[in-house]
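> Got a predicted structure plus its sequence, pasted below:
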Amino acid sequence: DEPAAAFGELMAELVVYTEDLWAPTLRRMGSALGRFVYLMDASVDYDKDRRHGKYNPFLAMGTGKDPEKWREYLVMTMGRCTEAYERLPLVQDKAILDNILYSGVWIHQKTGKKEGTAHD
């Protein structure tokens, strides 16, 4: 959980462009989004990381390959992200952002591949 939390903190600071009324909400959203990205990458890279002896948080759990359990973590984390996102007073580009957060983020898990990369 520590590496996912660290990436979440990094993402939280990236999405806050100014300290204003919305900064806490943006930080919550960014933190959850960062955790999601980290865990999604780990789920997609699981087999490759296992073959190459690289660190992977799901390998570190020692429970074996369990995509359904991973999906639960991912859904819960994205739920935290979208809960904060829905509190933001967005108008411009909201449809695009909705599409990304509610649909687009799941593409890698469905295909098992990252766009633009060869997956070994």
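Received, thanks.
> Could I get the full set of helices for this structure?
2-15, 23-52, 57-61, 67-85, 94-102, 107-111 (DSSP state H).
> between the fourth one and helix 94-102, how many degrees?
Per axes from the mean of the first three to the mean of the last three Cα atoms, to 10 degrees, the angle that helix 67-85 makes with helix 94-102 is 150 degrees.
> now for helix 67-85, which elements pack on it?
helix 23-52, helix 94-102, helix 107-111 (3 or more Cβ pairs under 8 Å, 6 or more residues apart in numbering; DSSP states H and E). Placement of C-beta: from N, CA and C, glycine included.
> By mean pLDDT, show me the worst of the helices of the chain.
Lowest mean pLDDT of the helices of the chain: helix 107-111, a mean of 69.
> Ok, which of the helices and strands packed on helix 67-85 comes nearest residue 84?
helix 23-52 (3.7 Å; Cβ to Cβ).
> ok, now which ones touch the nearest residue to residue 49 once chain neighbours are set aside?
Sequence neighbours aside, residue 56 is the residue nearest to residue 49 in space, at 3.9 Å (criterion: Cβ to Cβ, 6 or more residues apart in numbering). Counting by Cβ atoms under 8 Å, 6 or more residues apart in numbering, residue 56 makes contact with 42, 45-46, 49-50.
> Would you mind finding the most buried of the helices of the chain?
Stretch with highest mean neighbour count among the helices of the chain: helix 23-52 (a mean of 19; mean count of other Cβ atoms under 10 Å).
> now that helix against helix 67-85, angle please.
Using the same axes, to 10 degrees: helix 23-52 against helix 67-85 is 160 degrees.
> Use 5 as the first number from now on
Let's use 5 as the start, then, which means that last one is helix 27-56.
> what helices or strands is helix 27-56 leaning on?
Looks like helix 27-56 contacts helix 6-19, helix 61-65, helix 71-89, helix 111-115 (3+ Cβ pairs under 8 Å, 6+ apart).
> what's the closest of the ones you listed to residue 25?
Ranking the helices and strands packed on helix 27-56 by their distance to residue 25 (criterion: Cβ to Cβ) puts helix 71-89 first, at 13.6 Å.
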